[in-house]
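**Q** A predicted structure for the sequence below; I have some questions about it.
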Amino acid sequence: MHIMVLGGSNSGPKNGWAATLAQIAPEHRIENKFLGAVGSLFGLLRLLKMRQEGTERPDVVIFEYALNDSLWLLGNNITLKLVEEALHDVITLCAGEGIGLLFLCLCLRPPEPEGEAELSLIMDRLYCDIARVRGAADCLLQADILGGIAQSQYVDSAHIGPEPAMLVAQAVAARLREPVPAPRQARRALTFDYLDAKKARIDGPGKRITTSSSVFEGPFVELQRGGACVWDANGALVALALRSTERSGSYSIRAGDRLIRKNAQSLARENVPNLMALHYVTAELPPTSRVAVEMTRSERTLMAQPYDLTLMDGPPHVRFEDQTLEIAGIMVRRRRNMFEKALARIAAR
């Protein structure tokens, strides 16, 4: 089978569970689309992007973001409602394409020597409940696979070690020997939409570029100071897909009558020089027909705008006037029409 892995950094290491799965289950073609430090909303972005571009569909998606969702929730960057909505959209897309879906739920390193962290218990329950209601496969839980959760299973606060990863890979391989069903309710209206760089209008200094890397590929807009890219959004902005580079700095988001400031420079670039990231918008922005991402020309004007939290943001490395922004697209919570709202109420029963 063609297996697509959508997951966080635990899906990426050479001795991690996904690489081990490819070794012990050579009968499957494993396509690993991991990206560190992102959650389920980015996995949804991947599926929306796949549908929009008409690329090859996998037979099964293994979806591994529960741990990262817990981290982002702990950092107050997302809400449980956002995770719930994103998971329902993931299921709807897989149902519509006839793709089998398997949630793999890894856990935060527990605060005590043994026992699952409370936030991971909450996230496990959310994933399992949604999978059950929508007819997806039963979730694979780290606690079940390893017979419990202990600090000794981890190499740091968020990553399991090689031995636990081997056991996870073996459990996934065993589950793949049985049919993995496509979920139900393919006609449920989607909550989110992904608008890529091709759909943006560029105002002022900026250009379109194409980037291809091991973790993300596609069109970007590169903005200089004084430039902006504008989307016809028809909804509320919830996240931005962008690259943090040596020249990244602060930028503005304009939505309706709201204006906020975020920073694209990341401390995580110490390990990944050109870091693909999903910047969640923690401020509640109004639904609007137009969203603009701006590289404000005046430093004083920009720094006077309300700051919106971005985890692990760092100081710029180049002068303010030399800073740029590379943005791949935005995630929007769609405005629903009356028919879609009615369908959503029916589906929730």
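**A** That came through fine.
**Q** going forward, measure contacts between C-alpha atoms and count neighbours the same way
**A** Fine.
**Q** Helix or strand for Val230, just tell me which one.
**A** Element membership for Val230, per DSSP states H and E: strand 228-231.
**Q** SS state for Val293?
**A** Secondary structure, DSSP: H, G, I helix; E, B strand; the rest coil: Val293 is strand.
**Q** Leaving aside the residues adjacent along the chain, what's closest to it?
**A** Ile253 (4.7 Å; C-alpha to C-alpha, 6 or more residues apart in numbering).
**Q** Can you check the pLDDT for the residue of the chain most remote from its centre?
**A** Here the chain reaches farthest from its C-alpha mean at Arg300, the gap being 32.2 Å by C-alpha atoms, centre = their mean. In this model, Arg300 is scored at 97, pLDDT.
**Q** was I right about the residue nearest to Val293 contacting Asn263?
**A** No - using C-alpha atoms under 8 Å, Ile253 makes no contact with Asn263, being 10.8 Å away.
**Q** can you list contacts of the longest helix anywhere in the chain?
**A** For the chain, the helix that runs over the most residues, judged by DSSP state H, is helix 80-97. Under the criterion C-alpha atoms under 8 Å, 6 or more residues apart in numbering, residues 40-41, 43-44, 47-48, 57, 69, 73, 100-101, 126-127, 130, 134, 136, 182-192 lie in contact with helix 80-97.
**Q** cutoff 6 Å now
**A** Leu41, Leu44, Ala182, Pro183, Arg184, Ala186, Leu190 (C-alpha atoms under 6 Å, 6 or more residues apart in numbering).
**Q** Now the second one: which helix or strand?
**A** Remark: Leu44 resides in helix 40-53, with elements defined by DSSP H and E.
**Q** how about Ser120, what does it touch?
**A** Contacts of Ser120 by C-alpha under 6 Å, 6+ apart are Cys107.
**Q** What distance do you get for it to Trp72?
**A** 12 Å (C-alpha to C-alpha, to the nearest Å).
**Q** just to revisit the earlier point, can I get the CA coordinates of the helix or strand hosting the residue nearest to Val293 in PDB?
**A** According to DSSP H and E, Ile253 maps onto strand 250-255. The C-alpha trace of strand 250-255 is given here as PDB (Å, rounded to 0.1, in the frame of the first residue of the first chain):
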ATOM      1  CA  SER A 250       8.600  41.200  12.200                       C
ATOM      2  CA  TYR A 251       5.500  41.600  10.000                       C
ATOM      3  CA  SER A 252       1.900  42.800  10.300                       C
ATOM      4  CA  ILE A 253      -1.500  41.200   9.700                       C
ATOM      5  CA  ARG A 254      -4.500  43.300   8.700                       C
ATOM      6  CA  ALA A 255      -7.900  41.800   9.000                       C
END
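**Q** looking at the protein, which helix or strand does the model trust least?
**A** None of the helices or strands of the chain scores lower by mean pLDDT, DSSP states H and E than helix 338-347, at a mean of 53.
**Q** Low-confidence regions, the stretch 201-349 of the chain specifically.
**A** 336-349 (pLDDT under 70).
**Q** what do you get if the cut-off is 90, keeping everything else the same?
**A** For the stretch 201-349 of the chain, the stretches flagged by pLDDT under 90 are 211-216, 268-273, 309-312, 335-349.
**Q** Let me see the ranges of the helices in it.
**A** 299-303, 338-347 (DSSP state H, counting those that start in this stretch).
**Q** Quickly note the distance from the closest residue to Ser9 other than its chain neighbours to Val155.
**A** Using C-alpha to C-alpha, 6+ apart and skipping residues adjacent in sequence, the residue nearest Ser9 is Gly36, 4.0 Å away. With distances taken as C-alpha to C-alpha, Gly36 is found 16 Å from Val155.
**Q** cool, Ser298 as well?
**A** 44 Å.
**Q** Now the residue nearest in space to the middle of the chain: closest residue in space that isn't a chain neighbour?
**A** In the chain, the residue lying closest to the centroid (C-alpha atoms, centre = their mean) is Phe42, at 1.8 Å. Using C-alpha to C-alpha, 6+ apart and skipping the chain neighbours, the partner closest in space to Phe42 is Leu278 (6.9 Å).
**Q** for Ala241, same thing?
**A** Leu278 (4.6 Å).
**Q** so the residue nearest to Ser9 makes contact with Gly8?
**A** Yes - at 4.5 Å, Gly36 counts as touching Gly8 under the criterion of C-alpha atoms under 6 Å.
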